[in-house]
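Colleague: Got a sequence here, can you build the structure:
(one chain, ligands or ions: 1)
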Amino acid sequence: MSDKIFVTRSSIPELTEYIEEITSIFDSHFLTNMGPKHDKLQKGLCEYLKSDNISLFSNGHMALELCLQALNLKGEVITTPFTFASTTHAIVRCGLTPIFCDIDPVTYTIDASKIEALITDKTSAIVPVHVYGNLCDTQEIDRIAKKHNLKVIYDAAHAFGVEKDGVGVGTFGDASMFSFHATKVFNTIEGGAVTYTDKAIGEKLHRLKNFGILDQETVCDVGANAKMNEFQAAMGICNLRHIDEDIAKRKEIVELYRKRLGATDGIVLCSEQSGVKPNYAYFPVVIDETKLGKSRDDIFEALAKENIYARKYFYPLVQDYDCYKNLYDSSLTPTAQYVAKRILTLPLYSELPLETVNIICDIILK
Ligand code: T4K
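Modeller: As a prediction, the model looks like this:
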């Protein structure tokens, strides 16, 4: 390819559309601290995500970290090692201890059947991840959480717009975090949100993202600064207008990938989940070298030679990061270890031409 093809490319509106949206910001000089654009986006997102309660943040990571703080958790948190650094870091930065549970070999989300064995008297919560937009086993996780009186906070960074039987993914558990980073299905440049069930959590989130300030003379929590500004919100308002169109284009690309790669022994695709409305956020493939004759890294290199930059999301596993490797042993989560060593996420974004998808498939199949 003459132009570089990356794993994703941010969706952005026409420049004129964004300029029109930000004009009132220039008129009002109201740039941040929960202004009118913020409120307009918040309302639009409640409708789109089918969630009654949402709090917007400067980015997904701070949304998750402050959500864990708002829930006043203590001790141990059961989570998945097959995720982006943010999930574990948020837990650790809140003074909590992550306990890694293995993943399901089909959805790559936390293996709910292995959670109970990890619960101790120190466990306060479960933080599962809807990785790639694949839905966790929310029913079973809910059952376990109720039985053991645990909070459930979903990392739904990848799951914008995903629904199960018409229900928004953000309504599961006590809370869910969404990422609106530039690389996501829906972006506000940087940004994120928490959807939640208990209104009291919402009030706390509102304070925590604004230094713990209750009013001009009262600061009642040790908060941070994680507010979404008006320019981010304006980008979100524009992008939200085009989201369905964007997801439809992603669907076409995914269907072509499936058609071209689905029947090859040694290339394992994620299957569609019954009753789930997907968002086509990522296109992960697991390469089984014993059947394909080539490894994940061979394919990664072959694509890179042609200027196509797939990514190994999520390799290495979190337990193998320099900052955690002395504390954890990734061989204790063998399915996660197997998948991480073989996973490759192929380029996928709404503007990716179908001809390029065909070229990517040709290289892989060759
Ligand atoms: N939980 C999970 C499960 C997550 O995946 C993430 C974020 C979070 C929590 C935290 O949410 P945020 O705090 O980020 O809202 C990227 C993203 O930076 C990160 O948001 C995302 N997950 C992760 C999976 O991917 P990198 O280090 O791979 O990004 P980078 O800069 O290599 O970008 C990847 C490709 O995207 C580039 O090759 C080109 C394209 N790109 C990138 C940027 C920055 C664009 O087209 N436009 C852009 O502005 O982490």
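Colleague: Model confidence at Val127, what's the number?
Modeller: On pLDDT, Val127 comes in at 99.
Colleague: Just the helices from the chain, written as ranges.
Modeller: 15-28, 36-49, 60-70, 85-93, 138-148, 199-208, 230-241, 243-261, 289-292, 296-305, 334-342, 354-365 (DSSP state H).
Colleague: and among these, the most buried is which?
Modeller: helix 60-70 (a mean of 26; mean count of other C-beta atoms under 10 Å). Glycine gets a C-beta too; all of them are placed from N, C-alpha and C.
Colleague: How about that helix and the ligand, touching?
Modeller: Yes - part of helix 60-70 sits near the ligand under the criterion C-beta under 6 Å from any ligand atom, namely Gly60, His61.
Colleague: Tell me which residue of the protein lies closest to the ligand.
Modeller: Gly60 (2.8 Å; C-beta to the nearest ligand atom).
Colleague: Quick check: bridge partners of the closest residue to Thr80 other than its chain neighbours?
Modeller: Residue nearest to Thr80 in three dimensions, not counting chain neighbours: Ile110, with 4.4 Å by C-beta to C-beta, 6 or more residues apart in numbering. In this entry, Ile110 is beta-bridged to Ile103, by DSSP bridges.
Colleague: thinking Ile110 is in contact with Pro128, fair?
Modeller: Yes - at 4.3 Å, Ile110 counts as touching Pro128 under the criterion of C-beta atoms under 8 Å.
Colleague: got any residues that touch both of these two?
Modeller: Thr79, Thr80, Cys136, Ile141 (C-beta atoms under 8 Å, 6 or more residues apart in numbering).
Colleague: which among those end up buried?
Modeller: Thr79, Thr80, Cys136, Ile141 (16 or more other C-beta atoms under 10 Å).
Colleague: related to what we said a few turns ago, need the shared contacts of Ile110 and Pro128 in JSON lines with pLDDT, can you?
Modeller: Output for these, formatted as JSON lines (pLDDT from 0 to 100):
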{"residue": "Thr79", "pLDDT": "99"}
{"residue": "Thr80", "pLDDT": "98"}
{"residue": "Cys136", "pLDDT": "98"}
{"residue": "Ile141", "pLDDT": "98"}
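Colleague: Save the residues you listed as CSV, and put in distance to Pro98 too.
Modeller: Converted to CSV, those look like this (distance: C-beta to C-beta, whole Å):
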residue, distance to Pro98
Thr79, 5
Thr80, 9
Cys136, 16
Ile141, 16
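Colleague: For the stretch 201-350 of the chain, which residues are neighbours of the ligand?
Modeller: Counting by C-beta under 6 Å from any ligand atom, the stretch 201-350 of the chain sits next to the ligand at Tyr313.
Colleague: Pick out the residue closest to the middle of this protein.
Modeller: Ala157 (2.0 Å; C-alpha atoms, centre = their mean).
Colleague: Just to check, it is in contact with Ser176?
Modeller: No - using C-beta under 8 Å, Ala157 makes no contact with Ser176, being 9.4 Å away.
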